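Student: Could you work out the structure for the sequence below:
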Amino acid sequence: MTVEPNPSPKHQTTCAEEYAVRGNVTFEGDFSMKCLGSGLIGQAVKAGAVVAALVLSTSAGHAQARPFAGFDGAWSGNGIVSLSDGSTERLRCRADYKVDRTGLGLKQTLRCASDSYKFDLSSDVTSQGDRVSGQWTETNRNISGSLQGTAGSGRIEVMVEAPGFTASLTLRASGNKQTVQISSKGDIRGVSITMVKS
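Tutor: So this is what the prediction gives:
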């Protein structure tokens, strides 16, 4: 009885080798689909998926890194100021917000007036993550100081301080509507303002 030797494993011909052997031959049918599906197109699809994931990840991070989104522009509206003597007055207000190109810096002016009262507040704020800090000035009373707090998701909450003065300031923006709340223990005890984008 003669034992036949085991046949050598069949060499798996790659697409590149097939092209090298066959030269400039037009391939049709199963060979073309197999080579294209497992070769360049497969690699391109994988590369495209990786690029798409990176772009989406970068876009999401970029969006999250803009804490002042929604505030940029000119606003106007009305409000009420509560004074230390217990009286209240209606306010007419205008505000302007300028967000810098990075989205991490904000300059704000807020001017309000009633029949007998007015204030003019300016702020220059920068962000690091969700934390914000900066400087503010109220020109009618010639006072200025520092501020710090948080910002993000259409909301800014800060404490403003100056020698002998402290106040909390909360701003919310949603679409074309903005609200401003100020609370302090000075001659202005509270301010509540609603504005729309001009």
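Student: What lies in contact with whichever strand or helix holds residue 157?
Tutor: Assigned by DSSP states H and E, residue 157 belongs to strand 155-162. Strand 155-162 has contacts (Cβ atoms under 8 Å, 6 or more residues apart in numbering) with 67-68, 71, 125, 132, 136, 143-151, 166-173. To be clear about C-beta, it is placed using only N, CA and C from the backbone, and glycine gets the same treatment.
Student: The particular helix or strand that has residue 137 in it: which residues count as buried?
Tutor: For residue 137, the host element (DSSP H and E) is strand 131-138. Applying a neighbour-count criterion of 16 or more other Cβ atoms under 10 Å, one finds 132, 134, 136-138 buried in strand 131-138.
Student: ok, back up a step: I'd like the average pLDDT over the strand holding residue 157.
Tutor: Here strand 155-162 scores 96 as its mean pLDDT.
Student: What pairs with the strand or helix carrying residue 193, parallel or antiparallel?
Tutor: Assignment of secondary structure by DSSP H and E places residue 193 within strand 188-197. Using DSSP bridges, strand 188-197 pairs in its sheet with strand 73-83 (antiparallel), strand 177-184 (antiparallel).
Student: any idea which helix or strand comes after the first one?
Tutor: The first helix or strand that comes after strand 73-83 along the chain, using DSSP H and E, is strand 88-99.
Student: Roughly how far does residue 150 sit from residue 139?
Tutor: 26 Å (Cβ to Cβ, to the nearest Å).
Student: what angle do the next helix or strand after the strand holding residue 137 and strand 131-138 make?
Tutor: Next helix or strand after strand 131-138 toward the C-terminus (DSSP H and E): strand 143-152. Counting by axes from the mean of the first three to the mean of the last three Cα atoms, to 10 degrees, strand 143-152 lies at 150 degrees to strand 131-138.
Student: Report the angle between strand 143-152 and strand 155-162.
Tutor: 160 degrees.
Student: domain assignment for this protein?
Tutor: Under the assignment automatic domain parsing, the domains of the chain span 15-64, 73-197.
Student: Among those, show the one with the smallest mean pLDDT.
Tutor: Among these, domain 15-64 scores lowest, at a mean of 44.
Student: still on that earlier bit, direction included, what does the strand holding residue 137 pair up with?
Tutor: strand 118-128 (antiparallel), strand 143-152 (antiparallel).
Student: which residues sit against it?
Tutor: With Cβ under 8 Å, 6+ apart, strand 131-138 has contacts from 67, 106, 119-126, 143-151, 156, 158, 160.
Student: Emit the PyMOL select command for whichever of these are buried.
Tutor: A single PyMOL command selects the buried members of the contacts of strand 131-138 (16+ other Cβ under 10 Å):
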select buried, resi 67+106+119+121+122+123+125+126+145+147+149+151+156+158+160
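Student: re the thing from before, as a markdown table, the strands paired with strand 131-138 with distance to residue 93 would be great.
Tutor: As requested, those are exported to a markdown table (distance: least, Cβ to Cβ, whole Å):
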| stretch | distance to residue 93 |
| --- | --- |
| strand 118-128 | 10 |
| strand 143-152 | 19 |
